[in-house]
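**Student:** Need coordinates for the below:
(chains A and B)
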Protein chains: 2
Amino acid sequence: MAAHDSDEVLMRQALQEAQAAGEAGEVPVGCVVVCQGRIIARAHNLTERLNDVTAHAEMQAITAAAGYLGGKYLDECTLYVTVEPCPMCASAMYWAHLHRLVYGTGDPKRGYSQFEGLLHPATEVASGVLADEAAGLMKAFFRQKRD
Amino acid sequence: MAAHDSDEVLMRQALQEAQAAGEAGEVPVGCVVVCQGRIIARAHNLTERLNDVTAHAEMQAITAAAGYLGGKYLDECTLYVTVEPCPMCASAMYWAHLHRLVYGTGDPKRGYSQFEGLLHPATEVASGVLADEAAGLMKAFFRQKRD
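**Tutor:** Here you go, the predicted model:
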């Protein structure tokens, strides 16, 4: 599925969230949820701060978007996330009947696409949007961790 | 992996949670987390009440257990859940490095075991513990929904 013209604009918002995560000592992954042209949720990874493995950016953004909409389903929403979602987050998107997923850089270690059937069959996917910038944040973070 | 003698005792606690979920109009799934012989977290499905697809019993119990322990990892914990976890919850258990998973009835529709590699390789699994009681709660719930 091809990327839309506006995808880069919205992925920049997700990248801002990722940057904020990195500055707070979190793995730099950021996310926004868009519905009818408006950002209705934004989040970044908070697993360290909350001591909670479930506090991935996407999980928080799904919860926040549903809270904003007043309903569980995100079947008219697009979720932008800087890094390919893990199986937990992809499976949450399945339950949310997410309309469209756009992600930046792939995750060869634990990306959902290494498993079959995790996303909802109705979910459209675009990948590689501002991938170099998302990957750059991740590489810089882990380099700093090592040094 | 065989069930332990105490598994039924602890699964009864998870079944109590499942019953409470059903009485509140939620899909009746309940869960407890046990560490060093003590129940440190208990939860039931709250997806309807919270309007949140991520509010499965296991997700809440993992968050609560980590909060209790003050650390993200549940590598000395056993999680009891009445129904086979979905891919989202199994993947959260992966990130939590869960020591042991015990579940009741299987979920042929969306159970994690239909996918490969979702749980952490170090996680031990026992299934079928008080399965009939867990399945009975589910069947009664969906029968009532239909009628």
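**Student:** which non-adjacent residue is nearest A:His4?
**Tutor:** Beyond its immediate neighbours in the sequence, the residue positioned closest to A:His4 (C-beta to C-beta, 6 or more residues apart in numbering or on different chains) is A:Ala126, lying 7.5 Å away. C-beta: built from backbone N, CA, C; applies to glycine.
**Student:** What of A:Leu74?
**Tutor:** A:Ala96 is the one closest to A:Leu74 (C-beta to C-beta, 6+ apart), at 4.4 Å.
**Student:** which ones are touching that neighbour?
**Tutor:** Counting by C-beta atoms under 8 Å, 6 or more residues apart in numbering or on different chains, A:Ala96 touches A:62, A:66, A:72-75, B:53.
**Student:** which one of those sits closest to A:Gly136?
**Tutor:** For A:Gly136, the closest of the contacts of A:Ala96 turns out to be A:Ile62, at 25.8 Å, with distances computed as C-beta to C-beta.
**Student:** Where does that closest one fall, secondary structure wise?
**Tutor:** When elements are assigned from DSSP states H and E, A:Ile62 belongs to helix A:57-69.
**Student:** How about A:Leu101?
**Tutor:** For A:Leu101, the host element (DSSP H and E) is strand A:100-105.
**Student:** Check A:Phe141 too.
**Tutor:** Of the helices and strands defined by DSSP H and E, A:Phe141 is found in helix A:131-146.
**Student:** export that helix as PDB, just CAs?
**Tutor:** Presented in PDB, the C-alpha positions along helix A:131-146 are these (Å, rounded to 0.1, in the frame of the first residue of the first chain):
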ATOM      1  CA  ALA A 131      12.500   5.500   8.100                       C
ATOM      2  CA  ASP A 132      16.100   6.900   8.100                       C
ATOM      3  CA  GLU A 133      15.200   9.400  10.800                       C
ATOM      4  CA  ALA A 134      13.400   6.900  13.000                       C
ATOM      5  CA  ALA A 135      16.300   4.400  12.600                       C
ATOM      6  CA  GLY A 136      18.800   7.200  13.300                       C
ATOM      7  CA  LEU A 137      17.100   8.000  16.700                       C
ATOM      8  CA  MET A 138      17.200   4.300  17.600                       C
ATOM      9  CA  LYS A 139      20.900   3.900  16.600                       C
ATOM     10  CA  ALA A 140      22.000   7.000  18.500                       C
ATOM     11  CA  PHE A 141      20.100   5.800  21.600                       C
ATOM     12  CA  PHE A 142      21.600   2.400  21.700                       C
ATOM     13  CA  ARG A 143      25.100   3.700  20.900                       C
ATOM     14  CA  GLN A 144      24.800   6.100  23.900                       C
ATOM     15  CA  LYS A 145      23.600   3.200  26.100                       C
ATOM     16  CA  ARG A 146      26.600   1.100  25.200                       C
END
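**Student:** ok, and what's touching that helix?
**Tutor:** Contacting residues not belonging to helix A:131-146 are listed as A:11, A:15, A:18-19, A:22, A:27-29, A:82-83, A:104-106 [C-beta under 8 Å, 6+ apart].
**Student:** Alright, that wraps it up for me.
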